[in-house]
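[1] Sequence first, then the predicted structure:
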Amino acid sequence: MSTSGRAQGAARRARNSTGLRVLARAGYAASGVVHLLIGWLAVRLALGSSSGSADESGAFRQLASAPGGMIVLWAVTLGFAALALWQLTEALVGVPGVDDAQEAGARVKAGGKGVLYGVLAAMAARYAVGGGGGGGGGQQESLTATLMQDPAGRWLVVAAGLVIVGVGIFHVVKGWRKKFLEDLRGAGGGKAGVAVVRLGQVGYIAKGVALAVLGGLFVAAGVTHDADKAGGLDDALRTIRDQPFGTALLIVTGVGIAAYGVYSLARARYARI
């Protein structure tokens with residue numbers, strides 16, 4: 001058997017593993033905890049708090065400083081790692097219930113999610129062992145500055161920003177049209193209940209708005225050749241705060257991100273896995 005055949009066989013065995021399915025559901029619960037914390041930090045930011053960044057690093061830092069937080073951080077790490085492995089197995093062997101015309105796109109999407117969850121698992125593990133370092137915004141600016149040293153780098157930054165804007169718009173549309181119900185068990189997600197559907201709608205739209213603003217920062221950084229304009233989610237939320245009626249907008253966005261967190265906790269139970 002070829003190397004690719006052995007890899008696909010291992011991926012199928014992993015996908016059929018009851019233990020991995022349970023841990024993957026724990027990954028959605030971990031995502032829920034992180035988004036709840038980001039939403040809380042965003043509301044605090046809107047109300048004038050200057051401590052803590054409203055992004056994944058800020059959420060992990062809050063967990064690390066809480067009583068028993070290290071145990072929770074290791075559980076979050078394990079959940080994200082399992083969810084990453086689950087998504088990567090789907091990228092290798094295919095996503096169930098997807099027709100042939102959409103299979104390639106579904107595999108790419110699953111692979112992208114797998115990488116994202118893997119990065120989150122690595123971040124959580126770094127905080128769990130006492131590392132962590134600075135916030136995401138400074139790291140993004142440093143990476144952007146490095147890219148823009150190359151003549152074509154600024155356009156790569158613009159392209160990355162446009163991709164993030166596209167992902168944000170996708171989240172908004174997915175929430176508005178309730179397309180996320182396809183991710184849940186039961187016909188149309190009917191088993192999940194009205195409350196979960198409403199939380200999913202609000203959460204996806206709020207997260208999409210934040211991602212669209214984040215992508216806009218990257219586009220602005222590339223177009224103006226100014227890496228300082230790039231940043232992470234915390235910078236995007238601060239940009240929302242600095243707009244007219246920004247305090248109210250950021251509170252609404254923070255509550256929406258927290259709603260996505262509650263939806264993710266429900267998804268841990270109802271997700272199609």
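    Alright, I've got the coordinates. Keep in mind that this is a model prediction, so the values were computed, not measured.

[2] only C-alpha atoms for contact and neighbour calcs from this point on.
    Noted.

[3] Where do the helices of the stretch 151-273 of the chain begin and end?
    153-176, 194-224, 233-241, 246-270 (DSSP state H, counting those that start in this stretch).

[4] what comes into contact with the last one?
    So that's helix 246-270. 25-43, 46-47, 184-185, 191-192, 196-197, 199-200, 202-207, 209-210, 237, 240-241 (CA atoms under 8 Å, 6 or more residues apart in numbering).

[5] what stretches of the stretch 151-273 of the chain score poorly on pLDDT?
    185-192 (pLDDT under 70).

[6] ok, 50 please
    For the stretch 151-273 of the chain, the stretches flagged by pLDDT under 50 are 187-189.

[7] re the thing from before, I'd like to know which of the helices of the stretch 151-273 of the chain is closest to V72.
    helix 246-270 (14.8 Å; CA to CA).

[8] quick check: angle from that closest one to helix 233-241?
    130 degrees (axes from the mean of the first three to the mean of the last three CA atoms, to 10 degrees).

[9] List the contacts of G166.
    So G166 contacts A212 (CA under 8 Å, 6+ apart).

[10] quick one: it and A26, what's the gap?
    28 Å (CA to CA, to the nearest Å).

[11] hmm, back to that, buried among the contacts of helix 246-270? Need that as a selection in PyMOL.
    The PyMOL command for the buried members of the contacts of helix 246-270 (criterion: 16 or more other CA atoms under 10 Å) is given here:
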select buried, resi 25+26+27+28+29+30+31+32+33+34+35+36+37+38+39+40+41+42+43+46+184+185+192+196+197+199+200+202+203+204+205+206+207+209+210+237+240+241
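
[12] what's the nearest residue to Y117 if we skip its chain neighbours?
    A84 (4.9 Å; CA to CA, 6 or more residues apart in numbering).

[13] For the one you found, give me the pLDDT.
    What the model reports as pLDDT for A84 is 93.

[14] Also V115?
    93.

[15] from memory G118 sits against L78, does it?
    No. Look at G118 against L78 with CA atoms under 8 Å: they stay out of range, at 10.1 Å.

[16] Show me the helices in the stretch 1-150 of the chain, by range?
    Assigned helices in the stretch 1-150 of the chain, in chain order: 3-15, 18-46, 56-65, 69-93, 100-128, 136-147 (criterion: DSSP H, counting those that start in this stretch).

[17] For the ones you listed, give me a markdown table that also has distance to V157.
    A markdown table is the format used below for the helices of the stretch 1-150 of the chain (distance: least, CA to CA, whole Å):
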| stretch | distance to V157 |
| --- | --- |
| helix 3-15 | 33 |
| helix 18-46 | 25 |
| helix 56-65 | 21 |
| helix 69-93 | 25 |
| helix 100-128 | 18 |
| helix 136-147 | 7 |
